[in-house]
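S.K.: here is the input, now give the coordinates:
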Amino acid sequence: MKQHWKFFASAAAALVWLWVSAALAVPLVRGAALHLPFAYVVFVVAGVALLPAYLMGAMFLSNLLHRKLPPRFHPGCRPVSVIVCARNEEKGIYGTIGSIARQKYDGRVTILCVDNGSTDGTLAEMRRAAADFSRPGRVIRLYGCCEPGKARALNEGLRHVRDEYFVTVDADTRLETSALAAIVGRIAATGAGCVAGNLVSAGARTWVQKMQFWDYFVSIAAIKRYQGSYGATLVAQGAFSAYETAAVRAAGGWTDGAGEDIVLTYRLLAAGRRSLYEPRAVGFTDVPTTLGALARQRSRWARGMFEGLAAVKPWSQPDAFAGYFETLNLSIVWLDLAYIFGFVPGVALALLGMPWLAGWLTLLVLPLMLIGTVSVCRFQRRLPEMEAKGSAWGFLLFVLVFQVVQSACSLWGYAAALTRRGIDWKR
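M.R.: Sure, this is the predicted structure:
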């Protein structure tokens with residue numbers, strides 16, 4: 001019941017802020033409608049200003065009400081399995097397996113490494129890791145899955161799980177030394193169907209990576225924390241999440257597609273299981289280094305959202321919070337369309353001396369964004385497990401450039417989903 005009042009309090013306050021934003025936007029709409037079609041102006045202003053005002057307001061206020069760290073649960077000597085799937089990951093797979101084997105975890109850890117038809121030295125690196133890191137309490141087993149596809153490799157790993165809980169870790173993700181204990185302790189103590197870990201960027205060499213650091217550290221973390229506060233984190237990402245084995249098997253495991261982890265999370269929620277978020281379970285993941293690789297990744301994520309919506313409709317979710325958050329996902333399509341076809345042209349017009357869609361009122365978004373960012377950063381910095389640091393240059397790129405890239409890539413993904421175009425997995 002306590003969670004319910006926090007949700008309704010934050011939503012009610014966000015609605016008030018939405019009303020204020022709408023009142024401020026009326027003169028802008030009237031002025032812009034003298035030069036542009038009225039329906040277009042309303043679509044853009046609502047998508048770029050009013051919708052984000054509600055979404056960001058509700059999330060910020062809810063996270064503020066949940067500013068205390070969740071209690072730390074210890075898994076004891078509970079055995080756990082970790083599935084690591086890899087295809088052509090010879091550069092990082094050894095380090096990933098090593099980070100799992102070196103976990104400060106009292107129970108037995110069985111690392112199930114699945115080679116998904118690699119054509120490089122991935123399998124050799126897996127064997128080297130097994131030879132170097134196997135010891136009492138750390139069992140490393142190697143398996144093969146010749147059919148390409150991450151879902152197939154994950155299901156192959158699932159076949160060999162013999163423990164009550166298991167964790168998935170991507171081949172390009174390294175775990176902080178207490179991450180496994182934090183995430184397994186949380187799922188075992190709460191009875192959740194799945195728990196998502198706290199992923200941050202492992203490194204930032206290129207400008208594309210520098211701005212992604214802030215996306216993971218601020219945006220993705222804030223969204224997961226918001227949804228997880230109500231047991232409805234919509235994506236227990238395959239890169240680092242914990243699952244109850246029986247629940248995943250009952251849900252049918254993973255299905256082929258761009259968003260296999262999204263579909264599985266939706267199905268677990270549809271089965272009445274909670275999906276949580278554990279901020280103390282920190283994982284460092286490699287992010288795309290080039291704009292093209294980022295575009296392919298984010299378009300897959302957008303396509304995966306459509307796959308999740310197709311698998312489980314929002315109104316089919318038995319939990320009201322899960323249905324609400326899944327419905328909100330649909331509104332992101334509106335935001336992306338309005339941003340690319342409204343805000344970006346509006347900025348171009350403003351630079352030409354025609355501030356019809358983007359003017360002084362647009363600048364009010366910046367202090368609000370900074371307040372939200374500072375709030376999330378303070379929460380993240382309170383975590384003793386968090387050692388990642390971003391650059392000021394990367395933050396500037398994140399504020400000025402990232403949303404353009406994100407929305408454009410998402411629209412590409414939506415189009416791919418609607419046209420059923422093949423998935424481009426290359427990074």
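S.K.: and the strands in this structure?
M.R.: Under the criterion DSSP state E, strands of the chain are mapped to 80-86, 109-115, 138-144, 165-169, 173-175, 194-201, 240-244, 275-285.
S.K.: need these in JSON lines (columns: distance to Ala358).
M.R.: In this view, the C-beta of every residue, glycine as well, is placed from N, C-alpha and C. Output for the strands of the chain, formatted as JSON lines (distance: least, CB to CB, whole Å):
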{"stretch": "strand 80-86", "distance to Ala358": "44"}
{"stretch": "strand 109-115", "distance to Ala358": "49"}
{"stretch": "strand 138-144", "distance to Ala358": "54"}
{"stretch": "strand 165-169", "distance to Ala358": "42"}
{"stretch": "strand 173-175", "distance to Ala358": "38"}
{"stretch": "strand 194-201", "distance to Ala358": "30"}
{"stretch": "strand 240-244", "distance to Ala358": "38"}
{"stretch": "strand 275-285", "distance to Ala358": "34"}
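S.K.: turn those into TSV, including mean neighbour count.
M.R.: Formatted as TSV, the strands of the chain follow (neighbours: other CB atoms under 10 Å):
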stretch	mean neighbour count
strand 80-86	26
strand 109-115	24
strand 138-144	17
strand 165-169	26
strand 173-175	24
strand 194-201	26
strand 240-244	27
strand 275-285	25
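S.K.: wait, which of those strands is closest to Phe343?
M.R.: Closest approach to Phe343 among the strands of the chain (CB to CB): strand 194-201, 26.0 Å.
S.K.: the closest one packs against which elements?
M.R.: The contact analysis (3 or more CB pairs under 8 Å, 6 or more residues apart in numbering; DSSP states H and E) places strand 194-201 against helix 179-190, helix 207-214, helix 221-228, strand 240-244, helix 260-270, strand 275-285.
S.K.: go again using 7 Å as the cut-off
M.R.: Applying 3 or more CB pairs under 7 Å, 6 or more residues apart in numbering; DSSP states H and E, we find strand 194-201 packed against helix 179-190, helix 207-214, strand 240-244, strand 275-285.
S.K.: rewinding a little: make TSV from the strands of the chain and add distance to Leu154 and mean pLDDT to it.
M.R.: Shown next, in TSV, are the strands of the chain (distance: least, CB to CB, whole Å; pLDDT from 0 to 100):
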stretch	distance to Leu154	mean pLDDT
strand 80-86	6	97
strand 109-115	8	97
strand 138-144	11	96
strand 165-169	7	98
strand 173-175	14	96
strand 194-201	13	96
strand 240-244	10	98
strand 275-285	17	96
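S.K.: minimum distance to Met369: which of those strands has it?
M.R.: With respect to Met369, and counting by CB to CB, the nearest of the strands of the chain is strand 194-201 at 19.4 Å.
S.K.: what's the closest one in contact with?
M.R.: For strand 194-201, the external contacting residues (CB atoms under 7 Å, 6 or more residues apart in numbering) are 179, 183, 186-187, 209, 212-213, 216-217, 221, 224, 233, 235-237, 239-243, 265, 268, 275-279, 281-285, 287, 388.
S.K.: cool, stretch 328-340 as well?
M.R.: Under the criterion CB under 7 Å, 6+ apart, residues 43-44, 47-48, 51-52, 55, 234, 305, 309, 403, 407-408, 410-411, 414 lie in contact with stretch 328-340.
S.K.: ok, now stretch 14-26?
M.R.: Counting by CB under 7 Å, 6+ apart, residues outside stretch 14-26 touching it are 45, 49-50, 53-54, 57-58, 61, 361.
S.K.: show me what counts as buried in that stretch.
M.R.: Residues 14, 17-18, 21, 25 are the ones in stretch 14-26 that count as buried (16 or more other CB atoms under 10 Å).
S.K.: and stretch 253-269, by the same measure?
M.R.: 253-254, 257-269.
S.K.: for that stretch, list the C-alpha coordinates in PDB.
M.R.: Coordinates of the C-alpha atoms in stretch 253-269 are reproduced here as PDB (Å, rounded to 0.1, in the frame of the first residue of the first chain):
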ATOM      1  CA  GLY A 253      12.500 -19.400 -22.200                       C
ATOM      2  CA  TRP A 254      13.600 -16.900 -24.800                       C
ATOM      3  CA  THR A 255      12.100 -16.400 -28.200                       C
ATOM      4  CA  ASP A 256      14.000 -15.500 -31.400                       C
ATOM      5  CA  GLY A 257      13.900 -11.800 -32.200                       C
ATOM      6  CA  ALA A 258      15.500  -8.400 -31.600                       C
ATOM      7  CA  GLY A 259      14.300  -8.100 -28.000                       C
ATOM      8  CA  GLU A 260      14.400 -11.600 -26.500                       C
ATOM      9  CA  ASP A 261      15.000 -10.200 -23.000                       C
ATOM     10  CA  ILE A 262      12.100  -7.800 -23.400                       C
ATOM     11  CA  VAL A 263       9.600 -10.500 -24.400                       C
ATOM     12  CA  LEU A 264      10.700 -12.800 -21.600                       C
ATOM     13  CA  THR A 265      10.300 -10.000 -19.000                       C
ATOM     14  CA  TYR A 266       6.800  -9.100 -20.300                       C
ATOM     15  CA  ARG A 267       5.900 -12.800 -20.100                       C
ATOM     16  CA  LEU A 268       7.100 -13.100 -16.500                       C
ATOM     17  CA  LEU A 269       5.100 -10.000 -15.600                       C
END
